[in-house]
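J.: A structural model of the following input is requested.
(one chain, ligands or ions: 1)
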Amino acid sequence: MELKTLTLNGAAGRSDILIRRTLIGEAAERCLAVFAPSRVHIVTDSNVAPLYLEMLAKQFALPVTSTVLPAGEEHKRLSTVEGIYHDLLKAGMTRKDLVIALGGGVVGDITGFAASSFLRGVPLCQIPTTLLAQVDSSVGGKTGVDLPEGKNLVGAFYQPRLVLIDPNLLSTLPTKTVADGMAEVVKYGCIANREILDMIFRDDIQEVVSECVRIKRDVVQQDEHDTGLRMILNFGHTIGHACEKLENYVGLTHGQAVSIGMVAAMRLSNELGAPEDLTPPLTAILQKCGLPTELKHDREAIFEALLSDKKKFGATVNFILVRKFGKADIVPVEAGRLHELIRKI
Ligand code: GLY
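T.: Sure, this is the predicted structure:
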């Protein structure tokens, strides 16, 4: 199968993103074409380690060490990053050596942040193993951890020099984890290319992943530091994050929350002048992907959670609206007006 190569030119350097089935089998070769390390440290988690850690480590004719994190979002915190720093020091890692993040979004975010800050920055390769990480979090350089006050409150923009995406890795995922990533895939269909909404059901996952990554690359390249266009990647996330928060981050997965949030955002899009109601087709697609679509939470609680999440924007919340599949608009909505709208949806 043909190798797909995408390059993202970030402010602090380029990121090459390679996509092809079976790519993990040549990961070391691909890394050594780009990096010149004396040693490699792989960070992964307890779900992924038994599947791929040994196979990846054995490919390098160099000293390889690893950190295996306990799986789960609750470990995405500063103390975990500190543990990685200690492991990197123990391994004798220098600024020339290579850190590999092998795992889903949580592993990628934590490892990316550790790599961005250890010795003020060490080379990083992301090998994402979930659909969500392959189409979203491994690309674009957002890294970070949660604080008790909220998600992703500490972090850095740090582009991985190399991202290796092997869609075959998705075959070992539980159905629920694939559905989680599908929410982000549907998001790309809504905001940038409606074709994706048909591609999903054509059973060519490499084609789907490649198109989502291309869109993400294009958006990030225009707005790496998330001050404008990149906000469109948050379609469904504003209300989604509010739902996640109301569920204490355990009742809903991120993808489930984004799915519910996208349907709610589509209702808002209708209220704010969409020419045609796209809520029924969007709901049908999400349900076919095994995702929930009904916003069950109290509207006042949603509004409060949403405002606290967005307090940095002051009295206005930037809402991402889709009035036509394949095109998103960033619309500032004043808090009082938003309160009215949330009560209606
Ligand atoms: N996941 C949204 C972004 O990378 O901006």
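J.: Verify the contact between D109 and K76 for me.
T.: Yes - using C-beta atoms under 8 Å, D109 is in contact with K76, at 6.2 Å. C-beta coordinates here come from the backbone N, C-alpha and C atoms, glycine included.
J.: out of those two, which sits in the busier spot?
T.: Applying other C-beta atoms under 10 Å to D109 and K76 shows that D109 carries more neighbours, namely 26 against 20.
J.: how would you label that one: helix, strand or coil?
T.: Three-state assignment for D109 (DSSP: H, G, I helix; E, B strand; the rest coil): helix.
J.: The residue lying closest to L169 once chain neighbours are set aside: how many residues sit nearby?
T.: Distance criterion C-beta to C-beta, 6 or more residues apart in numbering; nearest residue to L169, sequence neighbours excluded, is T129 at 4.8 Å. Neighbour count of T129, defined by other C-beta under 10 Å: 28.
J.: Next, the contact list for T129, please.
T.: 48, 51-52, 102-104, 169, 173 (C-beta atoms under 8 Å, 6 or more residues apart in numbering).
J.: Show only the entries of those found in helices.
T.: Judged by DSSP state H, helices contain none of the contacts of T129.
J.: any chance of those residues in a markdown table, plus pLDDT?
T.: Formatted as a markdown table, those follow (pLDDT from 0 to 100):
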| residue | pLDDT |
| --- | --- |
| V48 | 98 |
| L51 | 97 |
| Y52 | 98 |
| L102 | 98 |
| G103 | 98 |
| G104 | 98 |
| L169 | 97 |
| L173 | 94 |
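J.: from these, which would you call buried?
T.: Burial by neighbour count, judged by 16 or more other C-beta atoms under 10 Å, picks out 48, 52, 102-104, 169, 173 from the contacts of T129.
J.: Okay, now the unreliable bits of the chain?
T.: 309-314 (pLDDT under 70).
J.: where do the helices sit along it?
T.: 27-32, 54-57, 78-90, 105-117, 131-132, 175-191, 196-199, 205-222, 237-246, 254-271, 279-288, 299-309, 335-344.
J.: how about a markdown table for those, with distance to the ligand added?
T.: Below are those laid out as a markdown table (distance: least, C-beta to the nearest ligand atom, whole Å):
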| stretch | distance to the ligand |
| --- | --- |
| helix 27-32 | 23 |
| helix 54-57 | 25 |
| helix 78-90 | 19 |
| helix 105-117 | 9 |
| helix 131-132 | 9 |
| helix 175-191 | 8 |
| helix 196-199 | 16 |
| helix 205-222 | 7 |
| helix 237-246 | 8 |
| helix 254-271 | 10 |
| helix 279-288 | 18 |
| helix 299-309 | 14 |
| helix 335-344 | 21 |
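J.: As TSV, these with distance to A71 would be great.
T.: Formatted as TSV, the helices of the chain follow (distance: least, C-beta to C-beta, whole Å):
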stretch	distance to A71
helix 27-32	21
helix 54-57	17
helix 78-90	12
helix 105-117	8
helix 131-132	14
helix 175-191	11
helix 196-199	29
helix 205-222	22
helix 237-246	18
helix 254-271	14
helix 279-288	26
helix 299-309	25
helix 335-344	34
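J.: quick one: contacts for the closest residue to R77 other than its chain neighbours?
T.: Spatial nearest neighbour of R77, excluding adjacent residues (C-beta to C-beta, 6+ apart): V145 at 5.3 Å. Counting by C-beta under 8 Å, 6+ apart, V145 makes contact with 76-78, 80-81, 109-110, 113, 152-155.
J.: Going by proximity to the ligand, name the top residue of the stretch 151-300 of the chain.
T.: Residue nearest to the ligand within the stretch 151-300 of the chain (C-beta to the nearest ligand atom): L233, separated by 4.0 Å.
J.: Return the residues of the stretch 1-150 of the chain in contact with the ligand.
T.: 136, 140, 142 (C-beta under 6 Å from any ligand atom).
J.: Can you tell me which of those are buried?
T.: Among those, those classed as buried by neighbour count (16+ other C-beta under 10 Å) are 136, 140, 142.
J.: which ones among those are found in strands?
T.: Secondary structure assignment (DSSP state E) places K142 from these within strands.
J.: now, which of the buried ones among the residues of the stretch 1-150 of the chain next to the ligand sits nearest V209?
T.: D136 (10.4 Å; C-beta to C-beta).
J.: Give the closest residue to the closest one in space, chain neighbours not counted.
T.: Distances taken as C-beta to C-beta, 6+ apart put E184 closest to D136, at 4.7 Å, once the chain neighbours are dropped.
J.: so what's the one you found up against?
T.: So E184 contacts 131-132, 135-136, 212, 255, 258 (C-beta under 8 Å, 6+ apart).
J.: D16 versus that one, what's the distance?
T.: Distance of E184 to D16, given as C-beta to C-beta, to the nearest Å: 21 Å.
J.: how about the contacts of T129, which pair is most distant?
T.: Maximum distance among the contacts of T129 (C-beta to C-beta): 14.3 Å, for L102 and L173.
J.: What is the burial count for the residue lying closest to I84 once chain neighbours are set aside?
T.: Closest residue to I84 apart from its sequence neighbours, by C-beta to C-beta, 6+ apart: A114 at 4.2 Å. By other C-beta under 10 Å, the residues close to A114 number 27.
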